[in-house]
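**Q** Mind looking at a prediction? Sequence and model below.
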Amino acid sequence: MSDCNGICEYVLDPDNPETWGGKEGDECYIKNDVLNEDGVWTCPHDAEENEDLCIFHLPVEEKYDKETAAAFVNVLNNVTNTDTNFSEERLLQFLGAQFGEFDLSENPPEVVAEDAEVVLSHAVVGSELNWSEAVFEVSGMRLRGFECRKDSNFSGTEFGGKADFLKAEFGGEANFFDAEFGGKALFSGTKFDTGVTLMGTQFNREADFYFAEFSTSEDDSILFLGAKFCGEASFIASKFEGKASFSTAYFSGEANFGGAYFYGKVDFWNTDFNKKVSFFSDRASTASKPPGGYTPSGVVGGARFDKAASFEMGTFDEEASFLAVEFDEEASFVEAQFNGETKFGEVQFNGEANFSNTTFDEGPDFSSINSMCDSQFCDADLTDADFTGVTLHNADFENALLSRATLLGADFRGAKLAGAVLGDVRIDEDTQFLGHPDDDSDLSPHTFSAMLSTPRCVYDPMYEEDNDEVDDAKGKSVYRALEELSGKAARTRLQSQCFVRRQDLQKREYKRVMFGKDNGQKSEKEYTGNEEETTYGEQEDTEKKESTESEKESPSLEERLIAGARYGRTKVARMTLLYGESPWRIIGGSMGFITFAALLYPLNDWLRPTGGEPITYSRILSGEWGLFLESLYFSTLTFTTLGMGDYEPMGLGQVIATLNTTLGAVLIALLVFVFGRRAAR
C-alpha cells in the first residue's frame, strides 16, 4: 500500500484477459491509440489514499457507489472544450473500471469537450446504471466490451459524437427512450439479454446493429416504436428472440435487415422507409463491418421470421428487397405502399401472406417464389406484377387490380377472383384457373379424364362439398372474365368451359326463381371489377339489410312462369348442344333421332317403296332384314331433306316424315352454327 497519493497502478494488457475481466480465448476490444509503447494501457487517475488503485478500479465492495459516480462526473466536468491536451484527455479514459450502482440522474452531467473522447471499454457495472438526461458533447463515447449486469437507463441521454457499444452486454432492461445519437451509433455485436426500449430514439447518423443480439426470451420486447433513423441503419445478421416492434419508425436513410433472424413476432406497422430497404445481404459489406478487428463470418441470405411479421401500412419510398427471406408464419403487408421497385426473389411464405389493399407503384416480381397458397391480395394494386410459375391455391384476389400482370404457368386453382381486373393479362397453356387444388386428373388436356372433366371456380356450388364460398353472381362474373381472357389468349378449351359453367349457373338461377326460392343475391355486374358499379364490401350493413328484405319477397307468379320457360329452354339447350359448345351432341342427337324415326315407320303400313309392299316388322322378322335398312335409308334422306322419291310415307308416316325433315333442318343449321362458332375462336 502507498502511504500517500500516487498514480493508480492498474495496467490493462490486451494479451492478458485477467487484466480486463475476460477469459482465455476472449477478444479484447481496445484500440491501439490508447496503448503505450509497451502495448498496454496504464491508468492516469490518482490512487485513493492508502490504496494502490484509483476509485474507479478499486473493487466495488471497497468504495461507495455515489462517491464513484460523483468522481466520474467531476473528471468529465474538469475537461473543457477550449483547454484539452493529451494528458487531460487521458483522464477521460476509464478502461476496465468497476462500478456498483452507476447513477448520474440526480445531477446529470453536461459535458462539452468536442475534441475529447470518453473511453469506458471493458468497464463493468454490477448493479443498475442510470444516465438519464445526461449530455455528452464529446467526440466519442467508447464503451467497447462494456458490461452492465442489471437494468440500464439512457432515457433522454444525448450522445453528441460517436457512440461505440461494440460487443457491449446489457444483462437487464436497456432503456434508450428519447435518447439522441448525434454521431455514429455502433452496437455491432452488442448483446441485450433482456428487453430493450429505443422508443423515440433519434439516430442522426449511421446506426449499426450488425450481429447484435436482442433478448434471450420470447416474452421480452424489443421496441423501436417511433425511432428515427436519419442515416443508414444496418441490422445485418441481428437476432431478435423477443417481440420486436418497429411501429411508426422512420428511416430516412437506407435500411438493411439482411440475414436478420426474428424468432418472435415482429411488427413494422406504419413504418416509413424513405430510401432503399433490404432484407437480404449477399455479403458483409465493408461499410457495415464493425471496427476494431471484430470480423464475424460473412452474411449470406435473407432475414428469417419465425413468428408473424407485420408490415401493415408501411411506406417504402424507394427499392424494397425481400430476397431469400423466409416467413414461417403469417406475413402481413396490409395497406402497405411500395413506391419503388419491389423484389420478392426466392421468398418462402410458409404461412399466409396478406397483401390486402397493398399498392405497388412498380410491378412486384413474385416469379421466383414457388408457392403463395392461401395468400391475401384482395383490393391490392398488382399492376404489372409477375406471378410466372407461382402456385396460388386458395389465394384471395377479390377486387385486386391485375392489369398487365404476367401469369405464365401460374396455378390459381381455388383462388377467389371475383371483381379482379384482368385486363391485358398474359397467360399461356400452363396457366390454371379452374378446378380443385387437390385434383390433378385434368392437368394434361390429352387424356380421357380431362375431356370428361368439368373444372369449376371456387364460387361454383359444384366446386366441392361444404363449400362456404358459393355465390352464383360471383361465379358468373369470374367465368365471364375468364372467357374474355382465354379468348384473347387462344385458350379455346378454357373459354368453352367457362361459358358452359356460366350458363349452368344462369340455369340454376332460373330454377331457383321458378320454385320461388329467389334469395336476392347481387347481380353479376356488381362483381365485374368496375369501380363505379362495384359496391361489394363497401356498405356491408346496408347490403345485409337489403338482402334480408329481398329474401322476404317471394317471386311473383309472372316471374316464376317466365323463369320456368327460360329454365326449360336452357335445359334443352344444354342437353342437345351444350349451349352451342358441342357439335358432337348435335351429331349424336341427330343419329339418334334418325334411328328412332326408322324404328317407327315399320310399326304399321306407314312406309312403302314406290310400287312395292309396305315395310312392316312382320316382314322384317320373317327374314327380310334388309327392309329395316331401307327404313333407315329413308329416315336419313328425309332428315337431310335430300328425298329421292323412291319411297312413299303413308298415313301417320307422313307426320313422322314431316317432323323428320323439320327437325333435320333445324339440327343441321345448329351444327353449322356450332362449327362456325368454334372456328371463329
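**A** Cool, got the structure. Numbers count the residues shown, from 1 in each chain.

**Q** Enumerate every residue touching the nearest residue in space to A353 that is not next to it in sequence.
**A** Spatial nearest neighbour of A353, excluding adjacent residues (C-beta to C-beta, 6 or more residues apart in numbering): S375 at 4.1 Å. The way it works is simple: take the backbone N, C-alpha and C, and place the C-beta from them, glycine included. Contact criterion C-beta atoms under 8 Å, 6 or more residues apart in numbering gives F349, E352, A353, N354, F355, L392, A395, D396 as the residues in contact with S375.

**Q** Identify, from these, the entry nearest to K571.
**A** Closest approach between those and K571, by C-beta to C-beta: D396, at 34.1 Å.

**Q** Look up phi and psi at the closest one.
**A** With angles defined as degrees, to the nearest 10, D396 sits at phi -110, psi 110.

**Q** returning to what we had before: who wins on neighbours among the contacts of S375?
**A** F355 (31 neighbours; other C-beta atoms under 10 Å).

**Q** Distance-wise, check that residue relative to L422.
**A** According to C-beta to C-beta, to the nearest Å, F355 and L422 sit 17 Å apart.

**Q** Straight-line length of stretch 241-261, end to end?
**A** From its first residue to its last, stretch 241-261 covers 8 Å (C-alpha to C-alpha, to the nearest Å).

**Q** Any regions of the stretch 351-500 of the chain where pLDDT drops low?
**A** 440-453 (pLDDT under 70).

**Q** correction: the stretch 501-650 of the chain
**A** If you take pLDDT under 70 as the line, the stretch 501-650 of the chain has these spans: 518-553, 643-645.

**Q** can I have the helix or strand harbouring F596 written out in CSV, keeping just the CAs?
**A** Following DSSP states H and E, one finds F596 within helix 583-600. In CSV, the C-alpha atoms belonging to helix 583-600 read as follows (Å, rounded to 0.1, in the frame of the first residue of the first chain):
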residue,chain,number,x,y,z
PRO,A,583,-71.2,-30.3,-82.2
TRP,A,584,-70.9,-34.0,-81.1
ARG,A,585,-74.1,-33.7,-79.1
ILE,A,586,-75.9,-32.5,-82.2
ILE,A,587,-74.4,-35.2,-84.3
GLY,A,588,-75.2,-37.8,-81.7
GLY,A,589,-78.8,-36.5,-81.3
SER,A,590,-79.3,-36.4,-85.0
MET,A,591,-78.2,-40.0,-85.4
GLY,A,592,-80.4,-41.0,-82.5
PHE,A,593,-83.5,-39.3,-84.0
ILE,A,594,-82.8,-40.8,-87.4
THR,A,595,-82.7,-44.2,-85.9
PHE,A,596,-85.8,-43.5,-83.8
ALA,A,597,-87.8,-42.5,-86.9
ALA,A,598,-86.6,-45.5,-88.8
LEU,A,599,-87.9,-47.7,-86.0
LEU,A,600,-91.3,-46.0,-86.1
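
**Q** which residues touch whichever helix or strand comes after it?
**A** Downstream of helix 583-600, the next assigned helix or strand under DSSP H and E is strand 607-609. The contact list for strand 607-609, computed with C-beta under 8 Å, 6+ apart, reads Y601, P614, I615, E630, S631, F634, D646, Y647, E648, P649, M650, G653.

**Q** what about V73, how many neighbours?
**A** The burial count for V73: 17, using other C-beta under 10 Å.

**Q** starting at the chain centroid, how far to stretch 474-493?
**A** Relative to its chain's centre, stretch 474-493 lies at 27 Å (C-alpha atoms, centre = their mean, to the nearest Å).

**Q** where exactly do the helices run in this structure?
**A** 65-78, 86-90, 448-452, 472-488, 492-514, 540-552, 557-577, 583-600, 617-621, 626-639, 652-680 (DSSP state H).

**Q** Just say which of those helices is most tucked in.
**A** Highest mean neighbour count among the helices of the chain (mean count of other C-beta atoms under 10 Å): helix 472-488, with a mean of 22.

**Q** just to revisit the earlier point, the residue nearest to A353 and S368: what is the separation?
**A** 15 Å.

**Q** which residues touch the nearest residue to K511 once chain neighbours are set aside?
**A** Spatially, and ignoring its direct neighbours in sequence, K511 is nearest to Y567 (5.2 Å; C-beta to C-beta, 6+ apart). Applying C-beta under 8 Å, 6+ apart, one finds that Y567 lies in contact with K507, Y510, K511, M514.

**Q** hang on, the earlier thing: just the ones in strands from the contacts of S375, please.
**A** Members of those lying in strands (criterion: DSSP state E): F349, A353, N354.

**Q** in terms of contact, does the last one touch F327 like I think?
**A** No. In terms of C-beta atoms under 8 Å, N354 does not count as a neighbour of F327; the distance is 10.7 Å.

**Q** Model confidence at S132, what's the number?
**A** With respect to pLDDT, S132 scores 95.

**Q** Adjust the sequence numbering to begin at 256 for everything that follows.
**A** Yep, numbering from 256; the last one is S387 now.

**Q** Isn't it up against D406?
**A** No. Contact criterion C-beta under 8 Å: S387 and D406 do not qualify, at 11.7 Å.

**Q** quick one on the thing from earlier: and the helices of the chain as JSON lines, adding distance to A673?
**A** Below are the helices of the chain laid out as JSON lines (distance: least, C-beta to C-beta, whole Å):
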{"stretch": "helix 320-333", "distance to A673": "68"}
{"stretch": "helix 341-345", "distance to A673": "72"}
{"stretch": "helix 703-707", "distance to A673": "26"}
{"stretch": "helix 727-743", "distance to A673": "4"}
{"stretch": "helix 747-769", "distance to A673": "13"}
{"stretch": "helix 795-807", "distance to A673": "14"}
{"stretch": "helix 812-832", "distance to A673": "23"}
{"stretch": "helix 838-855", "distance to A673": "31"}
{"stretch": "helix 872-876", "distance to A673": "59"}
{"stretch": "helix 881-894", "distance to A673": "45"}
{"stretch": "helix 907-935", "distance to A673": "27"}
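
**Q** so which of the ones you listed gets nearest G669?
**A** Between those, helix 727-743 lies closest to G669; by C-beta to C-beta that is 12.1 Å.

**Q** Packing partners of that closest one?
**A** Packing partners of helix 727-743 (3 or more C-beta pairs under 8 Å, 6 or more residues apart in numbering; DSSP states H and E): helix 747-769.

**Q** what's the helix it packs on packed up against?
**A** Using 3+ C-beta pairs under 8 Å, 6+ apart: helix 747-769 touches helix 727-743, helix 812-832.

**Q** give me that answer again for 10 Å
**A** helix 727-743, helix 812-832, helix 907-935 (3 or more C-beta pairs under 10 Å, 6 or more residues apart in numbering; DSSP states H and E).

**Q** In JSON lines, list those along with distance to S489.
**A** As requested, those are arranged in JSON lines below (distance: least, C-beta to C-beta, whole Å):
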{"stretch": "helix 727-743", "distance to S489": "45"}
{"stretch": "helix 812-832", "distance to S489": "65"}
{"stretch": "helix 907-935", "distance to S489": "61"}
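
**Q** closest one to I477 among those helices?
**A** Per C-beta to C-beta, nearest to I477 of the helices and strands packed on helix 747-769: helix 727-743, 43.1 Å.
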